[in-house]
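A.B. asks: generate a structure from the sequence data that follows.
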Amino acid sequence: MLARLSLMLLLACAVLPARAGTIEQALAKLAPEERAHQACAIKGLATVRRDARLRKADRMKTSILAPAVLQGTLLTAKGGAVHAGEHWYALSFTCQLAGDFMKATSFSFTLGAEIPKATWDRHGLW
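C.D. replies: Okay, the predicted model is just below:
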């Protein structure tokens, strides 16, 4: 159920950006740490799409190759991933969150290598 809600949040962000109330309502239902991950993924997608290589980014995961770490209101991921076009890429990022984890206030990233399609299943990518 949590994975389904996470997918719904990402789809809502990508497809219905004007429905902020819906996204906020969905985030409010999540446990604080999961809310932090989702808020960072939402902000992250908006940020990475400004990079010409990632204009088609439509999915982001925070803990694929290594677990993301939440310390206070800072989420740091050294093993995230982003999907753009028909490719997944490794992604490292830092994401600053509001105190209630409902919104990410900043997001900076470093794009890594393409993740080989042969390993997608093992990492839970689709």
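A.B. asks: how far away is the residue nearest to the spatial centre of the chain from Pro116?
C.D. replies: The chain has Ala41 as the residue nearest its centroid, 2.2 Å off, counting by Cα atoms, centre = their mean. Between Ala41 and Pro116 the computed distance is 22 Å (Cβ to Cβ, to the nearest Å). In this view, the C-beta of every residue, glycine as well, is placed from N, C-alpha and C.
A.B. asks: can you check Leu70 too?
C.D. replies: In terms of Cβ to Cβ, Leu70 sits 29 Å off from Pro116.
A.B. asks: neighbour count for the two, which is higher?
C.D. replies: Remark: of Leu70 and Pro116, Leu70 carries more neighbours, 19 against 9, as counted by other Cβ atoms under 10 Å.
A.B. asks: who's in contact with the nearest residue to Lys43 once chain neighbours are set aside?
C.D. replies: Leaving aside its chain neighbours, Lys43 sits nearest to Ala104 (3.4 Å; criterion: Cβ to Cβ, 6 or more residues apart in numbering). Shown in contact with Ala104 (Cβ atoms under 8 Å, 6 or more residues apart in numbering): 39-40, 42-44, 95-98.
A.B. asks: could you pick out the buried ones from these?
C.D. replies: For the contacts of Ala104, a neighbour count by 16 or more other Cβ atoms under 10 Å gives the buried set as 39-40, 42-44, 95-97.
A.B. asks: save those residues as a markdown table, and put in pLDDT too.
C.D. replies: Listed next are the buried ones among the contacts of Ala104 as a markdown table, based on pLDDT from 0 to 100:
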| residue | pLDDT |
| --- | --- |
| Ala39 | 97 |
| Cys40 | 97 |
| Ile42 | 96 |
| Lys43 | 97 |
| Gly44 | 97 |
| Cys95 | 98 |
| Gln96 | 98 |
| Leu97 | 98 |
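A.B. asks: among these, which are in strands?
C.D. replies: Taking DSSP state E, the ones among these that sit in strands are 95-97.
A.B. asks: tell me the strands beside the host helix or strand of Phe93, with direction?
C.D. replies: For Phe93, the host element (DSSP states H and E) is strand 87-97. Applying DSSP bridges to the sheet, strand 87-97 is found paired with strand 74-84 (antiparallel), strand 104-115 (antiparallel).
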